[in-house]
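Novice: Kindly return the folded structure for what I paste below:
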Amino acid sequence: MEIEASGEPDRESKLEQPRVAGEPLDFVLSEASATSSPFRRSGPSPEHALHPPLSERLANISSRLATQIWTTDCFTTTLSEWLRRPVRYVSTLHEIGPVTEGSATRLGIEPGSPVIYRRGHLVMAGHGEQHVVAEVRAVVAHDSLDPEERLALESRAVALGHLLRRRGVRRHTRAVTPASGNDGTGRRLLKIAATLVVADNPVAVVDEMVYDNALTLSRHLSCKEAFRRHAESFPHRA
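Specialist: Numbering: from 1, shown residues only. Here you go, the predicted model:
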């Protein structure tokens, strides 16, 4: 079974080239608006400076979130801090199977070795509803976990990063890129690929998708801006 989001080879592995503080992101989310906006060519008006277009505000806020994800060692904690509310892991898949060749290379294990395939949502409660803010997928090297950790994962209720914190897990982010479209769960915002490492040994490869809810439910937008963004996502409800 294959659940990893990217089948492309990891040409510039973060294990070989550790991230340097201040290193630029793999993308500039606000680049398009910066080059297309007439205000950028003629200089911002006082009104624009006080009330920038919503698209520009969203690009800037998304870029800030992407930077925080790029530098974090725990994706779940970062989203919770961004939203200023707790998020919980809700499992949609948990099974053991043989590792594929692509994941085996990133994990440094033999093809066919046992791995745990995990998929789930990060959910935030608000206004009496459960809101999915991200999807997380992981391929975990089964033999890299101790019996207690395997049992904890079998509960299907714990986020992988939280579980591995006691062992000093480090997260090596390979890519943070903008995403678009609706995958049936929500409007996609950011796509992330990373490797979780303990004592210089890869433990899991993870692929994550952050949804637009991470913007509209955060306190980084005003109520009016959040409503406008929600109306854009669901025009038939506006």
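
Novice: okay, CA-based contacts and neighbour counts for the rest of this
Specialist: Noted.

Novice: Now the phi/psi pair for residue 65, please.
Specialist: phi -60, psi -40 (degrees, to the nearest 10).

Novice: number of nearby residues for it?
Specialist: Using other Cα atoms under 10 Å, residue 65 has 18 neighbouring residues.

Novice: Okay, the nearest residue to it once chain neighbours are set aside and residue 76: tell me how far apart.
Specialist: Nearest non-adjacent residue to residue 65, counting by Cα to Cα, 6 or more residues apart in numbering: residue 82, 7.6 Å away. Remark: distance between residue 82 and residue 76 (Cα to Cα, to the nearest Å) = 10 Å.

Novice: Now the common contact residues for these two.
Specialist: Residues touching both residue 82 and residue 76 by Cα atoms under 8 Å, 6 or more residues apart in numbering: none at all.

Novice: Output the helix or strand where residue 202 lies as CSV, restricted to C-alpha atoms.
Specialist: Assigned by DSSP states H and E, residue 202 falls within strand 201-211. Extracted C-alpha coordinates of strand 201-211, given in CSV (Å, rounded to 0.1, in the frame of the first residue of the first chain):
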residue,chain,number,x,y,z
ASN,A,201,18.0,7.9,12.4
PRO,A,202,14.9,8.4,10.2
VAL,A,203,11.8,7.1,11.9
ALA,A,204,9.1,8.3,9.6
VAL,A,205,8.4,10.1,6.4
VAL,A,206,5.3,12.4,6.6
ASP,A,207,3.2,14.3,4.1
GLU,A,208,0.7,16.9,5.3
MET,A,209,-2.0,19.1,3.8
VAL,A,210,-3.1,22.2,5.6
TYR,A,211,-6.6,23.4,4.7
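
Novice: so what strands line up beside it?
Specialist: strand 129-141 (antiparallel), strand 188-198 (antiparallel) (DSSP bridges).

Novice: quick one: buried residues of that strand?
Specialist: Buried residues in strand 201-211, counted by 16 or more other Cα atoms under 10 Å: 202, 203, 204, 205, 206, 207, 208, 209, 210, 211.

Novice: Not counting its neighbours along the chain, what's nearest the first one?
Specialist: With Cα to Cα, 6+ apart as the criterion, residue 202 has its nearest non-adjacent residue at 5.2 Å, and that residue is residue 107.

Novice: Equivalent analysis for the fifth one, please.
Specialist: Distance criterion Cα to Cα, 6+ apart; nearest residue to residue 206, sequence neighbours excluded, is residue 138 at 4.3 Å.

Novice: quick one, what contacts the one you found?
Specialist: 3, 4, 116, 117, 118, 119, 204, 205, 206, 207.

Novice: now these as TSV including pLDDT and distance to residue 103?
Specialist: Below are the contacts of residue 138 laid out as TSV (pLDDT from 0 to 100; distance: Cα to Cα, whole Å):
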residue	pLDDT	distance to residue 103
3	55	10
4	50	8
116	98	12
117	98	11
118	98	13
119	98	15
204	98	9
205	98	7
206	98	10
207	98	12
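
Novice: Which pair of those residues spans the longest distance?
Specialist: 116 and 207 (14.1 Å; Cα to Cα).

Novice: For residue 138, give me the pLDDT.
Specialist: pLDDT recorded at residue 138 is 98.

Novice: any chance you could map the strands in this protein?
Specialist: 88-98, 114-126, 129-141, 170-178, 188-198, 201-211 (DSSP state E).
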